[in-house]
Each structure stands twice: as structure tokens, then as C-alpha cells.
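Colleague: from the sequence below, what's the structure:
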Amino acid sequence: MPTIWNDADRDALAGRVRALTPANTAKWGRFSVAGMVAHLNDALRMASGDLRVTAKAPPFLKWAPVRYLIIHVLPMPKGAPTAPELIARSTAADLAHEQQAFETLLADLPRRQTLAPTHPAFGRMTRGDWGAIVHKHTDHHLRQFGA
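Modeller: Numbers count the residues shown, from 1 in each chain. Coordinates of the predicted model:
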């Protein structure tokens, strides 16, 4: 399972974000390419604990077997509900700025001793869970834009 804790996996994601241009268009959803990278950046800020996101998910997602399946096994669904805090900046984002921020945020995450104590949908998560879900989420949105 790919994870952002693996240098090669992390570098591959950073390269894919770096390669995005304004010509990349979404295969599904409403994000612009810049808005999508802003969304990824805010998700990284959430994982690091620097952006608080209100929990608004059904309790069954916090049940360990369901959480494990969603984070580590099942593909990420298109059109899943998104916390408002993770899309607030998406309409006014600048691609070059967001690409630079992504590189910095992604490189910083492995150096952090602690991560966010909880995920808004899945509750308490291990470092392994965070590594997997951040990778899966980032990959999902990069595929959305053909990257």
C-alpha cells in the first residue's frame, strides 16, 4: 500500500503535482486544477493538525473494521462529501502558489512528531492510517485531473 511515509511514494506525488498546468481539466467534480491543489494543501494542513476540521460523519466510519477497509483497501469514491474547511479556498486559488505550498507541506509532514489527533470522518487514526489516507486522497484528486 502506497504511503506518504515512503520517500519514493511521496516524491512521485510531488512530481505529479509539479507537472500540473492550467490546461489540466477535471474528469469529474467541480474543482479547477488550482482549487484541487488548494484542497490537497488544506487536507495536508488538517493531517498535520494545523487546520481544524469539524467532524460531521456517521459514527459507523469510526468503527475499526470499516475505517480500515476505507483507508487501506477500497478505492476512494468520486463525489464523497467534503468538509467545508477543505474547500473554502478552492475558488480563488493560484496554481503556482498552491504547487509550491504542496511541496513544502508534503515534505514537512514526515518530520512532524505528532499529527492531528483525529480525522473528521474516521476519528482516531494511527500514523500508518494517516500516511495511507493522505496518499490515497492525493492520488484520487491527481487522477481526477489526469495526472
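Colleague: from here on, contacts and neighbour counts on C-alpha atoms
Modeller: Fine.
Colleague: all helices of the protein, in order?
Modeller: 7-18, 33-48, 64-68, 95-108, 127-144 (DSSP state H).
Colleague: check which helices and strands the second one sits against.
Modeller: I take that to be helix 33-48. Using 3 or more CA pairs under 8 Å, 6 or more residues apart in numbering; DSSP states H and E, the elements in contact with helix 33-48 are helix 95-108, helix 127-144.
Colleague: out of the helices of the chain, nearest to A121?
Modeller: helix 64-68 (9.0 Å; CA to CA).
Colleague: and the contacts of that closest one?
Modeller: 60-61, 122 (CA atoms under 8 Å, 6 or more residues apart in numbering).
Colleague: in that helix, what's buried?
Modeller: Within helix 64-68, the residues that count as buried by 16 or more other CA atoms under 10 Å are 67-68.
Colleague: show me what the mean pLDDT comes to for it.
Modeller: Across helix 64-68, pLDDT averages out at 91.
Colleague: now that helix, how far from the centre of its chain.
Modeller: 19 Å (CA atoms, centre = their mean, to the nearest Å).
Colleague: check stretch 38-54 too.
Modeller: With CA atoms, centre = their mean, you get 8 Å for stretch 38-54.
Colleague: buried residues in that stretch?
Modeller: 38-49, 52-53.
Colleague: nearest to L95, of the residues you listed?
Modeller: A38 (8.1 Å).
Colleague: from what I see, that closest one and A93 are in contact.
Modeller: Yes. In this structure, A38 is within contact of A93 by CA atoms under 8 Å, at 6.3 Å.
Colleague: the buried residues of stretch 38-54 into CSV, with extra columns for distance to F102 and pLDDT?
Modeller: Below are the buried residues of stretch 38-54 laid out as CSV (distance: CA to CA, whole Å; pLDDT from 0 to 100):
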residue, distance to F102, pLDDT
A38, 8, 98
H39, 10, 98
L40, 8, 98
N41, 6, 98
D42, 9, 97
A43, 10, 97
L44, 8, 98
R45, 10, 97
M46, 13, 96
A47, 13, 96
S48, 13, 96
G49, 16, 94
R52, 18, 93
V53, 19, 93
